[in-house]
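Enquirer: Show me the folded form of this:
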Amino acid sequence: MAIQQGTVPYSTGATSVKVPQTLYYKVVSGVLQFQRSLYKAAPATAPTGTTSMAWASGINPTYVANTMPAGATYTANGTTAASTGMGLAAEYVTGQGKELFPIPQSTIDTDPALKQNAGY
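Expert: Coordinates of the predicted model:
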């Protein structure tokens, strides 16, 4: 889980992208405003008047396991977690009426590595 270690899967050598463990934000006139880049190391102390939220630190074996069907397990860094089936797309099972929505063709056209969801 590269993001927990401060990089993302598309990081390569000298062009490594650093990911902060924590993000800081303010809500101004009902709008969420991040106070730092999502791809720069977080400051040692929280900026004045901000609220913190887990970013890379929030991606852990439990989070990943919960993106899988209930009962599935995921292991990383010696820690195993079982899915409760409550995460994003956790109950996706091809051919059982639990498919994801189709990805717009314009989105697929911009990324040749992206494949359409099953059934579309």
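Enquirer: C-alpha from now on. contacts and neighbour counts both.
Expert: OK.
Enquirer: Just the CA atoms of the host helix or strand of Met53, as PDB, please.
Expert: Under the criterion of DSSP states H and E, Met53 resides in strand 51-54. Taking Å, rounded to 0.1, in the frame of the first residue of the first chain, the C-alpha atoms of strand 51-54 are listed here in PDB:
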ATOM      1  CA  THR A  51      -9.600  21.000  10.800                       C
ATOM      2  CA  SER A  52      -7.600  17.800  10.100                       C
ATOM      3  CA  MET A  53      -8.600  14.700   8.400                       C
ATOM      4  CA  ALA A  54      -6.800  11.400   7.700                       C
END
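Enquirer: now the very next helix or strand once past it: how far from the chain's centre is it?
Expert: Scanning forward in sequence from strand 51-54 by DSSP H and E, the next helix or strand is helix 61-65. Chain-centre distance of helix 61-65: 11 Å, with Cα atoms, centre = their mean, to the nearest Å.
Enquirer: Tell me the buried residues in helix 61-65?
Expert: Of the residues in helix 61-65, those buried by neighbour count under the rule 16 or more other Cα atoms under 10 Å are 61-65.
Enquirer: coming back round to it: for the strand holding Met53, the averaged confidence score.
Expert: Strand 51-54 shows an average pLDDT of 88 in the prediction.
Enquirer: From the contact counts, what lies against that strand?
Expert: Using 3 or more Cα pairs under 8 Å, 6 or more residues apart in numbering; DSSP states H and E as the contact criterion, the neighbours of strand 51-54 among helices and strands are strand 22-28.
Enquirer: contacts for the following helix or strand past the strand it packs on?
Expert: Using DSSP H and E, the helix or strand that follows strand 22-28 in sequence is strand 31-34. For strand 31-34, the external contacting residues (Cα atoms under 8 Å, 6 or more residues apart in numbering) are 23-27.
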